[in-house]
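1. sharing a model prediction with you, sequence too.
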Amino acid sequence: MYDKFGEMSSYTEINELAENLMNEGDIESLREMAKENGIPEDFVDLYLEGDIPELCDALTAAVGKLEVEAADLKLTGLMQDWVEYIKGLCMENEMIAHQVRKKGKSLKGCMAVLLKYSFENRVTVDKKIVQEAKIKASRVDFGIPGMAEAKKMIKDYYLGGTK
């Protein structure tokens, strides 16, 4: 995932490397680094043309990391929704965007927190619902946090319990 340039802990690190690569004239590596970090190609073009002063900001770096990690994890369904919750929280709170980018914090770790909660809080689905769904099982258990609870767990994971 971060094979060539390694995981960067902040948008500042990304911007410093981008500036160094640009000053060295290594545009190919600059493009590779941006791609590895989920920075859109059009941002690279704008940066190279001098239309933006830095390659990315905290939000762009956080969303880029989330998109790279989500693709690596091959998330589907509700887990994709959880990624969108995280992106929304990054837009609402710049500190969350900073924390998403930090080394040691990962989408895999956050998904694990949500999955563990789902597993530990599953309940037995009423037999009438199971029959209506035409599921042939003696018992069906199901547990998923609601949006508010999921967002709280996401904040706790990335902010370490702080607000």
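-> On my side now, so go ahead. Residues are numbered from 1 along each chain as shown.
2. can you read off the pLDDT for the closest residue to Met91 other than its chain neighbours?
-> Of all residues not flanking Met91 in the chain, Leu59 sits nearest, at 6.4 Å (CB to CB, 6 or more residues apart in numbering). Where C-beta positions appear, they are placed from N, C-alpha and C, glycine not excepted. pLDDT, Leu59: 97.
3. and the one 4 residues further on, by the same measure?
-> Note for Val63: predicted pLDDT of 98.
4. thought it was touching Gly38?
-> Yes. Val63 is within contact range of Gly38, at 6.9 Å (criterion: CB atoms under 8 Å).
5. can you pick out the residue with more neighbours from those two?
-> With neighbours defined as other CB atoms under 10 Å, Val63 and Gly38 compare such that Val63 has more, 22 against 19.
6. which residues of this structure score low on pLDDT?
-> Residues of the chain meeting the criterion pLDDT under 70: 161-163.
7. mind jotting down where the helices sit in it?
-> With DSSP state H as the criterion, the chain has helices at 11-23, 27-36, 41-48, 58-73, 77-92, 94-101, 107-120, 127-132, 147-159.
8. extract the CA atoms of the fourth one and return them as CSV.
-> It refers to helix 58-73. Output in CSV follows, covering the C-alpha atoms of helix 58-73 (Å, rounded to 0.1, in the frame of the first residue of the first chain):
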residue,chain,number,x,y,z
ALA,A,58,-5.4,18.1,6.1
LEU,A,59,-8.7,17.0,4.7
THR,A,60,-7.4,16.0,1.2
ALA,A,61,-4.6,14.0,2.9
ALA,A,62,-7.1,12.2,5.3
VAL,A,63,-9.6,11.4,2.6
GLY,A,64,-6.8,10.2,0.3
LYS,A,65,-5.5,7.8,3.0
LEU,A,66,-9.0,6.5,3.7
GLU,A,67,-9.6,5.9,0.0
VAL,A,68,-6.3,4.0,-0.4
GLU,A,69,-6.9,1.9,2.6
ALA,A,70,-10.6,1.2,1.7
ALA,A,71,-9.5,0.0,-1.8
ASP,A,72,-6.8,-2.2,-0.2
LEU,A,73,-9.4,-3.7,2.2
